[in-house]
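Q: structure for this input, please:
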Amino acid sequence: MTSVYLSSYIYKLKTSAKHIADRIRLMISTKQFQVGEVLPSTRELGQQLEASFHTVRKAYHILEEEGLIKGEQGRGFTVTKQTSMLDKAERLEIGGGKVQALIEELVGYGLDDSEIELLFQEQLDFMEWPERIQSCATVGDNKEMASMLSSAINKQVGVKSSVLDITEMEKAASYDALFVPIKFMNKFRSLSETMMIIPIVHMFDPETLYKITELAAIQTIGLVTSDDESISKIINELKLMIPFEGSFVAGRIYGRSLPLFVRETDLILYTQESAKLVEQKVPEKSRIQLNYKLSDRSAEMIRSELWDQ
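A: From the prediction side, this is the model:
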């Protein structure tokens with residue numbers, strides 16, 4: 001029952017400027033944001049946290065006044081210090097005030113001394129997570145597809161992660177948290193006792209699929225990847241999602257060269273890993289980059305595990 005009280009208390013605050021500032025301050029102090037790193041824009045972070053960009057701006061200004069970040073026109077907010085400039089006496093004074101306010105509120109909910117003490121001990125044990133959750137990885141059929149999913153997670157939720165293919169179970173064990181496509185969950189359940197495993201449901205970005213289907217007259221779609229293993233998997237996914245009756249041609253990049261079919265194909269779809277070369281050599285009107293998008297539920301699970309706690 002006591003955990004319900006604290007969860008209710010946190011829920012009310014989780015999209016306030018103060019709460020967002022508190023979370024970012026924690027992430028800076030535990031080196032999840034490094035000195036010199038540019039924070040997400042106010043609009044981007046607002047979308048990730050489902051808060052208004054005005055609220056995020058207020059949170060950034062709180063941290064700027066503390067000297068932890070600095071705003072620069074045209075660049076955004078950059079981390080300047082790993083800890084605040086407050087001395088020990090100031091830190092203890094601020095901390096004491098916050099603890100007193102929280103204790104008064106918990107007493108108002110009817111908790112007694114022993115319950116409050118238990119809660120604080122539980123939360124102190126729990127708050128070791130920033131030291132553990134310093135490294136996350138995203139799993140995919142191969143490195144290329146894992147990279148696509150990792151980018152979607154970073155874009156939607158603001159969490160960076162390394163990439164692993166499905167065969168790298170030994171490497172997976174060295175991370176603190178894994179984002180695992182739901183089809184692979186059974187392979188990774190054995191790791192769930194020692195690390196955080198978050199199941200992910202994803203698909204190709206609907207906006208991308210709409211663009212493809214609007215080009216009804218196209219007879220041939222080309223796919224360019226950086227890995228041969230990606231080709232059949234991506235084409236099979238696309239066939240399930242778009243009503244295309246034409247043919248697919250596909251190939252991978254080799255060094256600085258694109259597959260020969262690119263010159264004679266109506267539309268080129270390409271992955272993030274092949275983007276640099278494709279965008280240099282294929283006109284914008286003739287290409288569409290394939291991106292993944294997380295389900296709302298998956299995005300919310302990551303937020304609740306890594307942001308809102």
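
Q: near residue 21, how many other residues are there?
A: Residue 21 has 23 neighbours, counted by other Cβ atoms under 10 Å. Where you see a C-beta, it was placed from the backbone N, CA and C, and this is true even at glycine.

Q: now it: phi and psi?
A: Recorded main-chain torsions at residue 21 are phi -60, psi -40, according to degrees, to the nearest 10.

Q: confidence score at the residue lying closest to residue 157 once chain neighbours are set aside?
A: Spatial nearest neighbour of residue 157, chain neighbours left out: residue 302 (4.7 Å); criterion: Cβ to Cβ, 6 or more residues apart in numbering. On pLDDT, residue 302 comes in at 86.

Q: next: residue 118.
A: Note on residue 118: pLDDT of 88.

Q: check residue 212 too.
A: On pLDDT, residue 212 comes in at 87.

Q: residues contacting residue 199?
A: Residues in contact with residue 199 (Cβ atoms under 8 Å, 6 or more residues apart in numbering) are 180-182, 185, 298, 301.

Q: let's see 7 Å
A: Counting by Cβ atoms under 7 Å, 6 or more residues apart in numbering, residue 199 makes contact with 180, 182, 185.

Q: show the average pLDDT along whichever strand or helix holds residue 19.
A: Element membership for residue 19 (DSSP states H and E) is helix 17-29. Average pLDDT, helix 17-29: 83.

Q: pull the CA atoms of the helix or strand that it is followed by into PDB?
A: Helices and strands here follow DSSP H and E; after helix 17-29, the next one along the chain is helix 42-49. Extracted in PDB, the C-alpha atoms of helix 42-49 (Å, rounded to 0.1, in the frame of the first residue of the first chain):
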ATOM      1  CA  THR A  42      12.700  21.900 -25.900                       C
ATOM      2  CA  ARG A  43      10.200  20.700 -28.500                       C
ATOM      3  CA  GLU A  44      11.900  17.400 -29.000                       C
ATOM      4  CA  LEU A  45      12.100  16.600 -25.300                       C
ATOM      5  CA  GLY A  46       8.500  17.800 -24.800                       C
ATOM      6  CA  GLN A  47       7.300  15.300 -27.400                       C
ATOM      7  CA  GLN A  48       9.400  12.500 -25.800                       C
ATOM      8  CA  LEU A  49       8.000  13.300 -22.300                       C
END
